[in-house]
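Undergrad: Make a model of this:
(one chain, ligands or ions: 1)
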Amino acid sequence: MERTLCIIKPDAVKKNVHGSIIQKTLDAGFHIAGLRLIQLSESQAKKFYEVHKERPFYNDLVSFMISGPVVVIALMKENAVAGWRKLIGATDPAEAEEGTIRKLFANSKQENAVHGSDSVENGKIEIGFFFTESELV
Ligand code: CMP
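TA: Predicted structure coming up:
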């Protein structure tokens, strides 16, 4: 089975829809290998999104990601990376398909409820950012 990283972002936790998002994820056949509610520090958020550091939205994104707690989840399923990206929908909820997590729960392109790894390789790196192998089942 493949793994991917899900982050339920501060907008969704503040709206109290993290439980609904987790239920939808389980209903879609994903297994949870690890899960934690955390408050990201500024340096953690900057490091996690380092690939976007030249983008105009980088500073706002970092501020948003530290604006409240997030739920980090290591998800497991066959083809988890592609499957999770399909379930969450496009980055911008206005462009996301009906029934996707972002269509249902996101506020905007930035406050888009959830994160998903964009490749198997990045999934491994991103899961390693939050979990040690011994913390995963
Ligand atoms: P995520 O999947 O976590 O990866 C990078 C994040 O940057 C993305 O979700 C959005 O939260 C944010 N993002 C991407 N593009 C934009 C944009 N054009 N304006 C604001 N935020 C963006």
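Undergrad: Isn't Val72 up against Arg36?
TA: Yes. Between Val72 and Arg36 there is a contact under CB atoms under 8 Å: 5.4 Å. No exception for glycine: its C-beta is placed from N, CA and C like everyone else's.
Undergrad: Spit out the residues that contact these two alike.
TA: Common contact partners of Val72 and Arg36 (CB atoms under 8 Å, 6 or more residues apart in numbering): 130-131.
Undergrad: which of those two has more neighbours?
TA: More neighbours surround Val72 than the other of Val72 and Arg36, with 21 against 12 (other CB atoms under 10 Å).
Undergrad: Next secondary structure element downstream of the host helix or strand of that one?
TA: Val72 is part of strand 70-77 when elements are defined by DSSP states H and E. Downstream of strand 70-77, the first helix or strand assigned by DSSP H and E is helix 80-88.
Undergrad: pLDDT averaged over that following helix - what is it?
TA: Helix 80-88 comes out with an average pLDDT of 98.
Undergrad: could I have that helix exported to CSV, CA atoms only?
TA: Provided in CSV are the C-alpha atoms of helix 80-88 (Å, rounded to 0.1, in the frame of the first residue of the first chain):
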residue,chain,number,x,y,z
ALA,A,80,-3.0,6.7,-2.1
VAL,A,81,-1.3,9.8,-3.7
ALA,A,82,-3.5,10.0,-6.8
GLY,A,83,-6.6,8.8,-4.9
TRP,A,84,-6.3,11.4,-2.2
ARG,A,85,-5.7,14.2,-4.8
LYS,A,86,-8.9,13.1,-6.6
LEU,A,87,-10.9,13.0,-3.4
ILE,A,88,-9.8,16.5,-2.3
